[in-house]
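Visitor: Sequence and predicted structure, then a few things I'm wondering about:
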Amino acid sequence: MEKSVQYNIVRYQDSATKNVDWIAYEQPLEIWLKYYKSPNQTDMLYLHSTMRTPGDDINLVKGWLHSVDLLSVSDIFSIAHTGKGKLQQNNSNRIVITVKPGSQVDLSKYKANQLSVSSCGVCGQQNIESLLENLSPIAELNRVSFPAKLICELPNKLRQQQTVFDKTGGVHGAGLLDQYGDVVATSEDIGRHNALDKLIGKYLPQLPGQYAVLLSGRVSFEMVQKSARAGFSMIIAVGAPTSLAIDLCKELDIALIGFIRDSQFNLYHGERQLI
């Protein structure tokens, strides 16, 4: 399976140039359990969803099963893909774990150990499609536009307000940018999505409005989904976006900037919002 894909971008380094960039592929994976309710009757149960780079899915599921201590290897008859269905413009994948007849599955143990980890804000959602409901393109009156020369200054502005990072070096940051490009609020957390959730919650009464969001890490699907729900017209990140993040930004017409360095950055969508 493809683990990276090429996108046309605009690279800014003193001037704008058209380029092609390799982007990490991101797709959702649903994990289901097929088990025996009785000797002659099977049932299907949804277990978990995660966003991942496609490939090595079987080992991913085996490792996850080991982590949550739901089944022993001796209980498993098979772990297999069951086909693909469309998720917006992308493929949604599903894996089914089939247990052996007579094996006992203690689902209460799984529920007690289920944990939403800090690396993925949508992990555990049963229907990834439901996250896309009620998302629509950003209203024109809420759009912001920034000078290209301002973009490279923004990570340092965020960094100056990251007090927890100063002490620990181990947290992500999210900053709210007003229409002038000023950082008007910040939040920090060990999880990228948690930092963004905290920022949105802090400014919820003023959203949506003329704001952009500045992120200290990479941009994946859940970061765009959260930003879209908040009405941000631009996402600016120090790190790189995933393929699904770019696709969703294009679909919702959210400007997306990433890979900011001292004097350059990549524009993945929204050239009209750069001055």
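Guide: Yes, it's here. On a predicted model such as this, the values are computed, not experimentally measured, just so you know. Numbers count the residues shown, from 1 in each chain.
Visitor: Report how many residues lie close to the closest residue in space to residue 248 that isn't next to it in sequence.
Guide: Distance criterion CB to CB, 6 or more residues apart in numbering; nearest residue to residue 248, sequence neighbours excluded, is residue 224 at 4.5 Å. C-betas here are computed from N, CA, C, even on glycine. Number of residues near residue 224 (other CB atoms under 10 Å) recorded here: 25.
Visitor: cool, and the one 5 residues further on?
Guide: Residue 229 is flanked by 14 other residues according to other CB under 10 Å.
Visitor: doesn't residue 135 make contact with it?
Guide: Yes - with contact defined as CB atoms under 8 Å, residue 229 reaches residue 135; the gap is 6.8 Å.
Visitor: Using the three-state scheme, assign residue 268.
Guide: Under the three-state scheme (DSSP: H, G, I helix; E, B strand; the rest coil), the conformation of residue 268 reads as strand.
Visitor: Would you mark the buried spots in stretch 263-271?
Guide: 265-270 (16 or more other CB atoms under 10 Å).
Visitor: Stretch 144-162 too?
Guide: 144-146, 148, 151-152, 154-155, 157-159, 162.
Visitor: pLDDT averaged over that stretch - what is it?
Guide: Stretch 144-162 shows a mean pLDDT of 93 in the predicted model.
Visitor: Compute the first-to-last residue distance for that stretch.
Guide: Taking CA to CA, to the nearest Å, the first and last residues of stretch 144-162 lie 24 Å apart.
Visitor: How far off centre is that stretch?
Guide: The chain centre lies 22 Å from the centre of stretch 144-162; the measure is CA atoms, centre = their mean, to the nearest Å.
Visitor: Show me the shaky parts of the stretch 151-275 of the chain.
Guide: Filtered on pLDDT under 70, the stretch 151-275 of the chain yields no residues whatsoever.
Visitor: What are the boundaries of the strands in it?
Guide: 172-177, 183-189, 212-215, 234-237, 255-258, 265-269 (DSSP state E, counting those that start in this stretch).
Visitor: Dump those into a markdown table; add distance to residue 139 as well.
Guide: Listed next are the strands of the stretch 151-275 of the chain as a markdown table, based on distance: least, CB to CB, whole Å:
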| stretch | distance to residue 139 |
| --- | --- |
| strand 172-177 | 17 |
| strand 183-189 | 20 |
| strand 212-215 | 14 |
| strand 234-237 | 13 |
| strand 255-258 | 14 |
| strand 265-269 | 17 |
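Visitor: returning to that earlier point: surely the residue nearest to residue 248 meets residue 245?
Guide: Yes - Residue 224 lies in contact with residue 245 (CB under 8 Å); the separation is 4.9 Å.
Visitor: Can you check which residues contact both of the two?
Guide: Shared contacts of residue 224 and residue 245 (CB atoms under 8 Å, 6 or more residues apart in numbering): residue 256.
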